[in-house]
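S.K.: Fold the following and give me the result.
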Amino acid sequence: MKPMLLTSSEEIPTGDEWIFETKYDGYRAILQWNEETPTIISRNNRDITFLFPELIDFCRSNYNNVQPFLPLTLDGEIVFLENNYRSNFSVVQSRGKMRSKQSIALASERFPCNFIAFDLILFEGKKIDTLPL
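M.R.: Numbers count the residues shown, from 1 in each chain. Okay, the predicted model is just below:
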């Protein structure tokens, strides 16, 4: 499953049916959560779960709350937040190049990333990506 991509426009949409979200700069990813441990898939269809253990730890610690809604699939962005409105892509980019478990573990403590969900694609095992917002 590929994440939805932005659509460029020369004009700002008008009307009550339009909303906006903050644009964070990070790694676009799909979080697939079927069991206690979810999987994180990049927009290039690579499994990048191992690169962000802090996200997996967060999910595992919240498994009991989320379990009734599984399987669940979220489309979102992995970001390093400097504040609520600003992300730092260079941190995420450097995290994405790491391969040693020790480097990844250290980076996850020093530069913890967040998963910002944009869209709920699968809920309780049912596709809902065609439903209105």
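S.K.: C-alpha from now on. contacts and neighbour counts both.
M.R.: Fine.
S.K.: any weak-confidence spans in the protein?
M.R.: Counting by pLDDT under 70, the ranges of the chain that qualify are 1-7.
S.K.: Contacts made by the longest strand along the chain with the rest, please.
M.R.: Criterion DSSP state E: the longest strand present in the chain is strand 114-123. Strand 114-123 is contacted from outside by 55, 69-81, 127-129, using Cα atoms under 8 Å, 6 or more residues apart in numbering.
S.K.: Could you give the separation of it from the chain centroid?
M.R.: How far strand 114-123 lies from its chain's middle: 6 Å, per Cα atoms, centre = their mean, to the nearest Å.
S.K.: That one: which residues count as buried?
M.R.: Asn114, Phe115, Ile116, Ala117, Asp119, Leu120, Ile121, Leu122, Phe123 (16 or more other Cα atoms under 10 Å).
S.K.: Take the contacts of strand 114-123 and keep only those in strands.
M.R.: Leu72, Thr73, Leu74, Asp75, Gly76, Glu77, Ile78, Val79, Leu81, Lys127.
S.K.: Ignoring the adjacent residues along the chain, who's closest to the fourth one?
M.R.: Right, the one you point to is Asp75. Ile30 (4.6 Å; Cα to Cα, 6 or more residues apart in numbering).
S.K.: by contact count, what packs against the one helix or strand the one you found maps to?
M.R.: According to DSSP states H and E, Ile30 maps onto strand 27-33. Using 3 or more Cα pairs under 8 Å, 6 or more residues apart in numbering; DSSP states H and E, the elements in contact with strand 27-33 are strand 39-42, strand 72-79.
S.K.: In the sheet, which strands lie alongside the last one, parallel or antiparallel?
M.R.: Based on DSSP bridges, the pairing partners of strand 72-79 within the sheet are strand 27-33 (antiparallel), strand 114-123 (antiparallel).
S.K.: what's near enough to touch Arg60?
M.R.: Neighbouring residues of Arg60 by Cα under 8 Å, 6+ apart: Glu36, Thr37.
S.K.: for it, helix, strand, or coil?
M.R.: At Arg60, secondary structure determined by DSSP: H, G, I helix; E, B strand; the rest coil is helix.
S.K.: gap between the strand holding Ile30 and the chain center?
M.R.: Distance, centroid of strand 27-33 to centroid of chain: 5 Å (Cα atoms, centre = their mean).
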